[in-house]
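K.L.:
Sequence unavailable; structure follows:
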């Protein structure tokens, strides 16, 4: 490491000290945190998955993880919204990127699942930066295996992602949660979409989604009911079950996150998303992913900055879990 990092009273190594090294200098790890090979252990590992072979419209999410890292340089160690210092409470480290086959989806899924199991072998929690939403399936498999039971899930997305196939393909960014229900790795009494909107192929999409057990909180619900009511409903639905959170950045309106592959008008604001996440404090968060950042369509780092702050609050929640 180029210069001394911050070291907490707990002995955790934090970000590079911005008073010693300008924020725009040096290699980009998430929030300028140490690499995994620079620490003895990690309570939370952050890993990138540069994979977007499962996209159905605009590609480019394979470059998302590094874009989020570059956009996270300004993050600071104290989170006033939750009155805590996540990098002092936890040893957080950047594990780099998984080496995933871009030409074979089945092999890529197996690789992601095994890498996730390896990174959580010693009790570390995992925050994964995508990549497209195909990667959620192997990550959920690993999370359920580590939890020893099906996991609850909150899925923040403009889309349901419970379609059956796309051009005959079972594994795409539009199918992971249908496969997860079929495989029995989700607790179907405690799963919900948040922020959905936009046209569908037909009413059957919603009917099948309900049959799988999903609750739906649309972006209009967030607007009309307000954050506090939505949070109360989500907390009631999930309870104290092991919880996995999956965030597709297109849950945000394109005004807040233009850099994504399948944008839909009428989305949530970045403030609404962050406030909902902060409302989940104390829940049993076992893992999370943040996907579908496509930097080629971003400008002024709008999407990257939003994503870096979402990741920051997810890490904070991991330190405040039951």
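P.N.:
Received, thanks. Small disclaimer: the values here were computed from a predicted structure and weren't measured. Numbers count the residues shown, from 1 in each chain.

K.L.:
Let me see the contact set for residue 170.
P.N.:
164, 179 (C-beta atoms under 8 Å, 6 or more residues apart in numbering). In this view, the C-beta of every residue, glycine as well, is placed from N, C-alpha and C.

K.L.:
try residue 95
P.N.:
Residues near residue 95 by C-beta under 8 Å, 6+ apart: 35, 36, 42, 45, 46, 47, 119.

K.L.:
and what of residue 65?
P.N.:
48, 49, 50, 97, 129, 130, 131, 293.

K.L.:
hmm, back to that, top of the contacts of residue 95 by number of neighbours, please.
P.N.:
residue 46 (29 neighbours; other C-beta atoms under 10 Å).

K.L.:
Quickly list what that one is bridged to.
P.N.:
residue 94, residue 127 (DSSP bridges).

K.L.:
So what touches stretch 261-276?
P.N.:
Against stretch 261-276 from outside (C-beta under 8 Å, 6+ apart): 52, 55-61, 81, 132, 156, 158-159, 173, 194-195, 197-198, 219-220, 222, 227, 230-231, 234, 247, 250-254, 256-257, 292, 294, 297, 306, 309-310, 313.

K.L.:
Endpoint to endpoint, it covers what distance?
P.N.:
23 Å (C-alpha to C-alpha, to the nearest Å).

K.L.:
what helix or strand does residue 201 sit in?
P.N.:
Here residue 201 sits in a region with no helix or strand, counting by DSSP states H and E.

K.L.:
ok, how many other residues are close to it?
P.N.:
The number of residues packed near residue 201 is 7, by other C-beta under 10 Å.

K.L.:
Let me see the contact set for it.
P.N.:
residue 163.

K.L.:
Quick one: residues contacting residue 193.
P.N.:
Here residue 193 is in contact with 155, 156, 157, 160, 209, 214, 215, 216, 217 (C-beta under 8 Å, 6+ apart).

K.L.:
picking that back up, for PyMOL, write the select line for the buried members of the contacts of stretch 261-276.
P.N.:
Applying 16 or more other C-beta atoms under 10 Å to the contacts of stretch 261-276, the buried members can be selected in PyMOL as follows:
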select buried, resi 52+55+56+58+60+61+132+156+158+159+173+194+195+197+219+222+227+230+231+234+247+250+251+252+253+254+256+257+292+294+297+306+309+310+313
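
K.L.:
Just the ones of the contacts of stretch 261-276 in helices?
P.N.:
Residues of the contacts of stretch 261-276 located in helices (DSSP state H): 219, 220, 222, 227, 230, 231, 234, 306, 309, 310, 313.

K.L.:
what's the closest of those to residue 87?
P.N.:
Closest to residue 87 out of the ones in helices among the contacts of stretch 261-276 is residue 313 (13.1 Å), distances taken as C-beta to C-beta.

K.L.:
any idea which element the spatially closest residue to the closest one that is not a sequence neighbour lies in?
P.N.:
Once flanking residues are discounted, residue 313 sits nearest to residue 277: 4.8 Å by C-beta to C-beta, 6 or more residues apart in numbering. Per DSSP H and E, residue 277 falls inside helix 270-278.

K.L.:
sorry, back to before: can you flag which of the contacts of residue 65 belong to strands?
P.N.:
Mapping the contacts of residue 65 onto strands (DSSP state E) picks out 48, 49, 97, 129, 130.
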